[in-house]
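# A predicted structure for the sequence below; I have some questions about it.
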Protein chains: 2
Amino acid sequence: MNAMNHDWAEASLRPNNTCPALLRGLNADEMSRVWNRFEEDCLADGEVLLRDRAEPLHIGLVLKGALREDVSVPQGGTRLFALTFAGEALSPLGPRQKGGRLSAIGDTRLLTCDHEGFADLSREIPRLQLNLFGVVQDQIEDAHRWQLLLGRKTAAERVASILAWFHMRQGTPEEMDLPVTRAELGEMSSLTLETVSRQVRALEKVGVISLPKPSQVRVLDSKALLERSCNTPILRAA
Amino acid sequence: MNAMNHDWAEASLRPNNTCPALLRGLNADEMSRVWNRFEEDCLADGEVLLRDRAEPLHIGLVLKGALREDVSVPQGGTRLFALTFAGEALSPLGPRQKGGRLSAIGDTRLLTCDHEGFADLSREIPRLQLNLFGVVQDQIEDAHRWQLLLGRKTAAERVASILAWFHMRQGTPEEMDLPVTRAELGEMSSLTLETVSRQVRALEKVGVISLPKPSQVRVLDSKALLERSCNTPILRAA
DNA sequence: CGGGATCTTGACTGTCCTCAAGTGCTGTGG
DNA sequence: CCACAGCACTTGAGGACAGTCAAGATCCCG
């Protein structure tokens, strides 16, 4: 029971997920076993999370704040690849080759567990094995969502999609913090920073969002935002 | 030992993979256990493979031929999503929502196993569990490769990439069969069929490939093909 | 040989990138 | 308190690349 009033109760208040998917359906006893096995990391803004390259499977749950993952591109240099918000799990199976770097955005707290620890735990709690598959499956689904976004959406739809997605994943607050620059939004959506800026302002002009500050977004009409994020209705018959 | 001279010995002759990744490192005894548990399906050209929607984890190994996966898009209708060539494994964790349809290209033979069967097997052969993670990890890596292709490559690079990729996965034969139309190549790469056609012809004009028939590609200079498939050397400083 | 599907090629258009010149925030030092 | 430097953001003009539409060539199969 001790586990229940621990820190991630904060995360459980978030509307976007009552409980991290990895721990779904666990009873109090199982939860406290988990609690004993996982260890808690606290990171300041910008601090880098060290993940052992050799370790194939490393579990991480973000309790507070957010993590950014930068991957190195073939030509050298890195680009922003993905964000993990509070309540979400780090991808347990990262890209094997290209080294990803995880760093905190704002003060961030997370639970981590290494491969062996998780293997031990899942022997005691078979449900964990199932939940892990769910997490991986979600990750694959996300990857496909990005493929759809990158391949078949216009600039306006990409920006609306990302804003809507971030908004939902942060628990649809009145006003959300945009934790990345226009340039980084561009890296994720494969647009230039100028195009991102133009599209964000366009959403503001039609009254879907307002921008108290460039990095703070107030979603005025989330329904319209979602509509603008979907694909162009007609694709050629191919 | 019976397993060793069975059908997939054919697949093991292919240069691209000596043994399906899922069965890597298994000894003869383990292999025959696998052999008894998996069942073999034979599909004629165009025939559809039925996969139980409710079944979350379904293992499939393509021995001969190829499978195409079509997913339904939000607006209705389907588009070609991915190909699985001989020697490769079907993605064990498919997209949950959008129903994918698997159909054969040419005469195709594959081994399948349901969830329980695989769970039983992996209790007897712990190595299978590890191999399964490798397969899923490869799948995620592929998804990221597609994201790179869709987001950051020009039309010329996309077409060269896909040709090079198919060529490698088919075992780099002198002459390869392009099992899909220009329109379907376009669906995968998010280009129009006209653009695909133009880029394929451009590769022919500069002597990287030749086209005995539109659906047969002879790779004359695979090094040049690879060079043309990589990203533009310079991306803006962001 | 004919008909339909697939592929090729051309001309034009639109979206997004590029380059360039701004504006607005934020923190720092006089 | 203000000046200013640095950074992120905005806005505009022009151009390149791929999409669209249209016409024709080629392949494939009965």
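Cool, got the structure.

# list the buried residues of stretch A:110-126.
A:110-114, A:117-118, A:121, A:125 (16 or more other CB atoms under 10 Å in any protein chain shown). Where C-beta positions appear, they are placed from N, C-alpha and C, glycine not excepted.

# so what does the helix or strand harbouring residue A:133 touch, helix or strand wise?
Per DSSP states H and E, residue A:133 falls inside helix A:126-152. Counting contacts by 3 or more CB pairs under 8 Å, 6 or more residues apart in numbering or on different chains; DSSP states H and E, helix A:126-152 packs against helix A:115-124, helix A:155-169, helix B:126-152.

# which bits of chain A sit near DNA strand D?
Within chain A, the positions lying close to DNA strand D (CB under 7 Å from any atom of the strand) are A:181-183, A:193-194, A:197-198, A:200-201, A:211, A:214-215, A:236.

# at 10 Å what do you get?
Those residues of chain A that sit near DNA strand D, judged by CB under 10 Å from any atom of the strand, are A:151-152, A:178-186, A:192-202, A:204-205, A:211, A:213-215, A:232, A:234-238.

# filter those residues down to the ones close to DNA strand C.
A:186, A:192-199, A:202, A:211, A:213-215, A:232, A:238.

# in helices, which of these appear?
Among these, the residues falling in helices (DSSP state H) are A:186, A:193-199, A:202.

# buried ones only from those residues, please, as a ChimeraX command.
Once 16+ other CB under 10 Å is used to decide burial, the buried members of these can be selected in ChimeraX as follows:
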select /A:186,193,195,196,197,198,199,202
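
# which one among the ones in helices among the ones next to DNA strand C among the residues of chain A next to DNA strand D gets closest to residue A:93?
For these, the residue nearest residue A:93 by CB to CB is residue A:186; the value is 26.7 Å.

# ok, that closest one touching residue A:198?
No: counting by CB atoms under 8 Å, residue A:186 sits too far from residue A:198 to count as a contact (11.1 Å).

# give me the residue at the spatial middle of chain A.
residue A:84 (2.7 Å; CA atoms, centre = their mean).

# for it, phi and psi?
Torsion angles at residue A:84 (phi, psi; degrees, to the nearest 10) stand at phi -120, psi 120.

# residues contacting it?
A:62, A:66-69, A:90 (CB atoms under 8 Å, 6 or more residues apart in numbering or on different chains).

# how about it, nearest residue that isn't a chain neighbour?
Spatial nearest neighbour of residue A:84, excluding adjacent residues (CB to CB, 6 or more residues apart in numbering or on different chains): residue A:67 at 4.5 Å.

# distance-wise, check that neighbour relative to DNA strand C.
Distance, residue A:67 to DNA strand C, by CB to the nearest atom of the strand, to the nearest Å: 23 Å.

# quick check: residues of chain A near DNA strand C?
Within reach of DNA strand C by CB under 10 Å from any atom of the strand, chain A has these residues: A:153-159, A:186, A:189-199, A:202, A:211-216, A:232, A:238.

# same thing but at 6 Å, please
Proximity of chain A to DNA strand C is confined to A:154-156, A:191-192, A:194-195, A:213 under the rule CB under 6 Å from any atom of the strand.

# so is stretch A:211-227 next to chain B?
No: using CB under 8 Å from any CB of the partner chain, stretch A:211-227 stays clear of chain B, with a minimum separation of 12.1 Å.
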